[in-house]
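Novice: coordinates only, sequence not included:
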């Protein structure tokens, strides 16, 4: 179920981003790549959904088999006890009724636990939004000096806890007035890394330094005062 939710989220994200930047994709011939990416996600989603349905079907059949076997066993034991005058017919019906009721309540409890687990997943995603740090509270206690060299140390990033890492242990040093070109396949994390440099996106781990000063001390607003950018879709 977790894999299905994650793949569904990726599918919707790819679709929304494709529609948002459809003109750019057309101009630079990226529709074929987007189609393959989207088709791959749909295929993975269908595969995971099929596996989930198979597991559900197997679990249902096993549950029905156990339930039927239990009823037969209870009835068999009850008949033996009744033949030996150790249990009356009324006791047999009462015991069978209690057994069925116990099974029904157990199924309700199991389904409730499953729903609670899904609710925990949804609440954890909402808590990421609710407990997000307000940028207005990140005051700049340090001013940047005139040395605008850039250093990145151990940068890691992923879009969410269920997604794979996009950036893994990125370390880079860029001197002042140095021109750097980032190249790589689509989806390799180029735009994400630029957004981290601009203070738009917060990395999962790692630190950025400008002029030897950690941007956590200067605040994001200080970084944005000395940077300019034209991002995709602007």
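Specialist: Everything's here; your move. These numbers come from a predicted model, not from an experiment.
Novice: Pop the domain breakdown of the protein in here.
Specialist: 2-130, 135-225 (automatic domain parsing).
Novice: Kindly compare burial across the ones you listed and name the winner.
Specialist: domain 135-225 (a mean of 14; mean count of other C-beta atoms under 10 Å). In short, each C-beta sits where N, CA and C put it, glycine included.
Novice: hang on, the earlier thing: export the domains of the chain to a markdown table and tack on distance to residue 231?
Specialist: A markdown table is the format used below for the domains of the chain (distance: least, C-beta to C-beta, whole Å):
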| stretch | distance to residue 231 |
| --- | --- |
| domain 2-130 | 11 |
| domain 135-225 | 7 |
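Novice: I'd like those domains as JSON lines, with mean pLDDT appended.
Specialist: As requested, the domains of the chain are exported to JSON lines (pLDDT from 0 to 100):
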{"stretch": "domain 2-130", "mean pLDDT": "80"}
{"stretch": "domain 135-225", "mean pLDDT": "77"}
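Novice: Tell me the first helix or strand C-terminal of the lengthiest helix in the chain.
Specialist: In the chain, taking DSSP state H as the definition, the longest helix is helix 31-83. For helix 31-83, the following helix or strand on the C-terminal side (DSSP states H and E) is helix 89-130.
Novice: and the next element down the chain from that following helix?
Specialist: With secondary structure assigned by DSSP H and E, helix 89-130 is succeeded by strand 150-157.
Novice: That next one: how far from the chain's middle?
Specialist: 23 Å (C-alpha atoms, centre = their mean, to the nearest Å).
Novice: For that strand, give me every contacting residue.
Specialist: The contact list for strand 150-157 (C-beta atoms under 8 Å, 6 or more residues apart in numbering) reads 165-174, 189, 192-193, 196-197, 201, 203-210, 212.
Novice: likewise stretch 170-189?
Specialist: So stretch 170-189 is in contact with 30, 33, 37, 147-157, 166-167, 190, 193-194, 206, going by C-beta under 8 Å, 6+ apart.
Novice: Repeat that for stretch 59-73.
Specialist: Against stretch 59-73 from outside (C-beta under 8 Å, 6+ apart): 96, 99-100, 103, 107.
Novice: Distance check, residue 227 against residue 198.
Specialist: Between residue 227 and residue 198 the computed distance is 6 Å (C-beta to C-beta, to the nearest Å).
Novice: An error on my part: the question was meant for residue 205.
Specialist: For residue 205 relative to residue 198 (C-beta to C-beta), the value is 18 Å.
Novice: next one: residue 84
Specialist: 83 Å.
Novice: these two touch, right, residue 220 and residue 196?
Specialist: No - Residue 220 lies out of contact with residue 196 (C-beta atoms under 8 Å); the separation is 10.6 Å.
Novice: Centre of the chain to stretch 13-26, how far?
Specialist: For stretch 13-26, the distance to the chain centre is 21 Å (C-alpha atoms, centre = their mean).
Novice: Over to stretch 224-234?
Specialist: 28 Å.
Novice: re the thing from before, quick one: the longest helix of the chain to helix 89-130, angle?
Specialist: 160 degrees (axes from the mean of the first three to the mean of the last three C-alpha atoms, to 10 degrees).
Novice: Please state the offset of helix 31-83 from the chain centre?
Specialist: 24 Å.
Novice: which outside residues touch the helix or strand residue 209 falls within?
Specialist: Taking DSSP H and E as the definition, residue 209 sits inside strand 205-210. If you take C-beta under 8 Å, 6+ apart as the criterion, strand 205-210 is touched by 144, 148-156, 170, 196-197, 214-216, 218, 223, 226.
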